[in-house]
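J.: Test case, fold it:
(chains A and B)
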Amino acid sequence: MIPVVVILVYLAVIAVVGGVAWRRGRENTEDFFLASRSVGPIFFFLSIFATNMTAFAILGSSGQAYRQGIGIYGLMASSSCFVIPLTLFFIGTRLWAIGKKFGHQTQVAFFRDRWECNHIGTVIFALSAAMLVPYMIISIMGGGTVLADISASPETHQPIIPYAWGCAIVAVVVTLNVFLGGMRGTVWVNILQTTLFLCFGAVAVAVISHALPLGFGDYMQKLAADPKTRFLVTRDRMPPQTFWSYTLIPLSSIMFPHMAIMCFSARRVSAFKQTVVAYPIAIMAIWLPCVFLGVLGFAALGKIPDPDGVLLRMLQSYAPVWLAGLLGAGIISAVMGSDAHQVLALSTMFTRDVFAHYGGHEKFGERRSVHFARGFIVVVTIIAYLVALALKEKQGIFEIAIRYAFSGFAAMAPVMVAALFWRRSTKWGALAATRENPPLLLRRRPPPSLRQTLSRPPQFQPTIRHISPRPTRRRPNRPPPLPPPPSRRKTSSGKSATEPMR
Amino acid sequence: MKKLLLFLLVALVYAAHQDVWNWRRPGPMVFGFLPIGLAYHAAYSIAAAVMMAILVRFAWPKGLAEREASSSQPPPPHS
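T.: Predicted coordinates for the structure are as follows:
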């Protein structure tokens, strides 16, 4: 009961912060969606990191480490340490500069101006929304899992807060925070959340090491000595090609709408400097303990029905109850930090790129636009909540993230690179590249069951072919007309259209 | 020359991610409990941070600071 109380107090604090941010905010879309582009360097780092760390980083990583071993760290975390800061460095800074100059609030607006094409923006909005909702679902599922597992009675294993209620509580608190506070409320909450979940790993490892009957080294030696479990401390069942191909997955990061929107919200470009250097260290601080504890969980707990809950089981078994509650709050922080940004990003895109773009803003005014944004937040959260309930025990967090969100957004990264760095890129090329995405996602084979996962490596192997934009088919006798050079084009506001950055 | 060296640095760090020599061996256990494959990639994360610090120091995109200075006033929201 004590862990549940600790977590509920934490959730109440989050909702209150949203309320305070609401009173400090102004009723215009720039303030609601981007906090008036006033996010300072420390807040920027904490917030952009919270944006990108989801249930996937804590529950998914430990669950998959339980299934597949230590290779998961190199597969997802160390490749992210390399790729994500590089994309922020090369792409994020350019997006910031363009957003500052032309007033873009989303990447969709940037694409529309870049290629002077309404449809490309609308297509990318639809696709981004379709791929972002599964990411939100992961967060809600993660929240429901944490609350159900941490409130389970040690004797009967019956949760005080059932999964459905857990999902609902997390969804309502996130919605309240975003609904009231917008970007400002989300960023404020991120400071508390990121601090909590950055401390989570080290504290969890320290506490569990004291309570375990054997030392960490003994458990690892035990796993290494048994031929059946040796793959957990090596990469025996992970083909090098698969391992390499996953280095492409973090390319998705900069294409996440919530990441791009965070890039627009920085007050100064210098905020990126500290962020790109600190980012790999912060990833390590979260992933290393989680992956290690996931593998350790296999050695200490044996087979468990729900591997994504292995971390919570370890906490329940080897941590004091009050600390388990606090650490549970750390996990919930990771879940909610990203969920809030995803909800806000979807609402920003809908309001700016669909509602305002097609005349809603002129018809209803600035204040009503914010009301529409809030209404959209509620609708999307309800949809994500219902899907999270339907997917319970059908798919693991890791599989959903990789299958729909990460691979889909990674496949769109070349469009962004072309927009920024390829002067002669055209809307047709961009449309052709985005057109590849839905069939790519739908063609993917269903994820393997737990037993299959334990007995063989994962099937997903993205290749260069999957993420490269397909060239536009040209008829030999009728080549499509080339657009005028970018430097001569004008936007609707009379400014020169965005040119490729060098 | 500076660009070439920085490019080589990035390429080297990228190539170092594929540590095939650690693939099938669990040990030696670093600090007595960390399998070598995991310890290597933890060290790789630190190397990535160092690489980024070098890029920030020597390859920070020129022109962004001027944009920052010239756009102290926030622009009107784009529609």
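J.: any weak-confidence spans in chain B?
T.: Within chain B, the ranges that satisfy pLDDT under 70 run B:65-79.
J.: what helix or strand is the most centrally placed residue in it on?
T.: Residue closest to the average C-alpha location in chain B (CA atoms, centre = their mean): B:A48, at 3.3 Å. Applying DSSP states H and E as the criterion places B:A48 in helix B:36-59.
J.: With just CA atoms, put stretch B:43-60 into PDB.
T.: C-alpha atoms of stretch B:43-60 as PDB (Å, rounded to 0.1, in the frame of the first residue of the first chain):
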ATOM      1  CA  ALA B  43      32.600   3.000 -22.300                       C
ATOM      2  CA  TYR B  44      31.500   3.600 -25.900                       C
ATOM      3  CA  SER B  45      28.700   5.900 -24.500                       C
ATOM      4  CA  ILE B  46      31.400   7.900 -22.800                       C
ATOM      5  CA  ALA B  47      33.400   8.000 -26.000                       C
ATOM      6  CA  ALA B  48      30.400   9.300 -27.800                       C
ATOM      7  CA  ALA B  49      30.000  12.100 -25.300                       C
ATOM      8  CA  VAL B  50      33.700  13.000 -25.800                       C
ATOM      9  CA  MET B  51      33.200  12.900 -29.600                       C
ATOM     10  CA  MET B  52      30.300  15.300 -29.300                       C
ATOM     11  CA  ALA B  53      32.400  17.700 -27.100                       C
ATOM     12  CA  ILE B  54      35.100  17.700 -29.800                       C
ATOM     13  CA  LEU B  55      32.500  18.400 -32.500                       C
ATOM     14  CA  VAL B  56      30.900  21.200 -30.500                       C
ATOM     15  CA  ARG B  57      34.400  22.700 -30.000                       C
ATOM     16  CA  PHE B  58      35.700  22.500 -33.500                       C
ATOM     17  CA  ALA B  59      32.700  22.000 -35.800                       C
ATOM     18  CA  TRP B  60      29.800  24.100 -34.400                       C
END
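J.: that older thread, measure the residue nearest to the centre of chain B to A:T122 for me?
T.: From B:A48 across to A:T122, the span is 37 Å (CB to CB, to the nearest Å). Glycine gets a C-beta too; all of them are placed from N, C-alpha and C.
J.: cool, A:R230 as well?
T.: To A:T122, A:R230 is 52 Å away according to CB to CB.
J.: What are the buried residues along stretch A:263-279?
T.: For stretch A:263-279, a neighbour-count test (16 or more other CB atoms under 10 Å in any protein chain shown) marks A:263-273, A:275-279 as buried.
J.: do stretch A:199-212 as well
T.: Quick answer for stretch A:199-212 (16+ other CB under 10 Å): A:F200, A:G201, A:V203, A:A204, A:V205, A:V207, A:I208, A:L212.
J.: Closest one to chain B out of those residues, please.
T.: The shortest approach to chain B among these belongs to A:V205, at 10.2 Å (CB to the nearest CB).
J.: and the helix or strand containing that closest one, does that touch chain B?
T.: A:V205 belongs to helix A:163-211 when assigned by DSSP H and E. No. Using CB under 8 Å from any CB of the partner chain, helix A:163-211 stays clear of chain B, coming no nearer than 9.0 Å.
J.: now that helix: how far from the chain's centre is it?
T.: 14 Å (CA atoms, centre = their mean, to the nearest Å).
J.: quick one, the next helix-or-strand element following that helix and helix A:163-211 angle?
T.: Moving toward the C-terminus from helix A:163-211, the next helix or strand (DSSP H and E) is helix A:216-225. Angle, helix A:216-225 to helix A:163-211, by axes from the mean of the first three to the mean of the last three CA atoms, to 10 degrees: 110 degrees.
J.: helices or strands up against helix A:216-225?
T.: On a contact count with 3 or more CB pairs under 8 Å, 6 or more residues apart in numbering or on different chains; DSSP states H and E, helix A:216-225 meets helix A:271-301.
J.: Now do the helix or strand just after the helix it packs on, average pLDDT.
T.: Note on helix A:271-301: by DSSP H and E, the next helix or strand toward the C-terminus is helix A:310-318. For helix A:310-318, the mean pLDDT works out to 80.
J.: wait, does helix A:310-318 contact chain B?
T.: No. On the criterion CB under 8 Å from any CB, helix A:310-318 is out of touch with chain B, staying 15.4 Å away.
J.: can you list the residues that contact that helix?
T.: Residues outside helix A:310-318 that contact it (CB atoms under 8 Å, 6 or more residues apart in numbering or on different chains) are A:58-59, A:62-63, A:66, A:145-146, A:149-150, A:152, A:154, A:204, A:207-208, A:211-212, A:290, A:293-294, A:296-298, A:300-301, A:304, A:323-324, A:327-328, A:331.
J.: Filter those residues down to just the buried residues.
T.: A:58-59, A:62-63, A:66, A:145-146, A:149-150, A:152, A:204, A:207-208, A:212, A:290, A:293-294, A:296-298, A:300, A:323-324, A:327-328, A:331.
J.: What sits closest to A:S80 if chain neighbours are left out?
T.: Spatially, and ignoring its direct neighbours in sequence, A:S80 is nearest to A:P250 (4.3 Å; CB to CB, 6 or more residues apart in numbering or on different chains).
J.: pretty sure that neighbour is touching A:L75, no?
T.: No. Between A:P250 and A:L75 there is no contact under CB atoms under 8 Å: 10.6 Å.
J.: and the residue in the stretch 351-500 of chain A that chain B sits nearest to, how many neighbours?
T.: Nearest to chain B in the stretch 351-500 of chain A, going by CB to the nearest CB, is A:A356, at a distance of 5.1 Å. A count of neighbours around A:A356, defined by other CB atoms under 10 Å in any protein chain shown, yields 24.
J.: what's A:Q158 sitting at in phi/psi?
T.: Main-chain dihedrals, A:Q158, degrees, to the nearest 10: phi -90, psi 130.
J.: Point out the residues in the stretch 201-350 of chain A that sit beside chain B.
T.: Within the stretch 201-350 of chain A, the residues that sit near chain B (CB under 8 Å from any CB) are A:215-217, A:219-221, A:223-224, A:230, A:233-236, A:240, A:243-244, A:247, A:268-270, A:273, A:276-281, A:283-284, A:288, A:291-292.
J.: Quick one, which of these are buried?
T.: A:216, A:219-221, A:223-224, A:230, A:233-236, A:243, A:247, A:268-270, A:273, A:276-280, A:283-284, A:288, A:291-292.
J.: re earlier: out of the buried residues of stretch A:263-279, flag the one nearest to A:R112.
T.: In terms of CB to CB, no member of these lies closer to A:R112 than A:F264, at 14.7 Å.
J.: ok, the closest one touching A:F102?
T.: No. Counting by CB under 8 Å, A:F264 does not reach A:F102; the two are 10.6 Å apart.
J.: who touches both of the two?
T.: Overlap of the contact sets of A:F264 and A:F102 (by CB under 8 Å, 6+ apart) is empty.
J.: Pull the contacting residues for A:G330.
T.: By CB under 8 Å, 6+ apart, the contact list for A:G330 reads A:I58, A:L196, A:F197, A:C199, A:F200.
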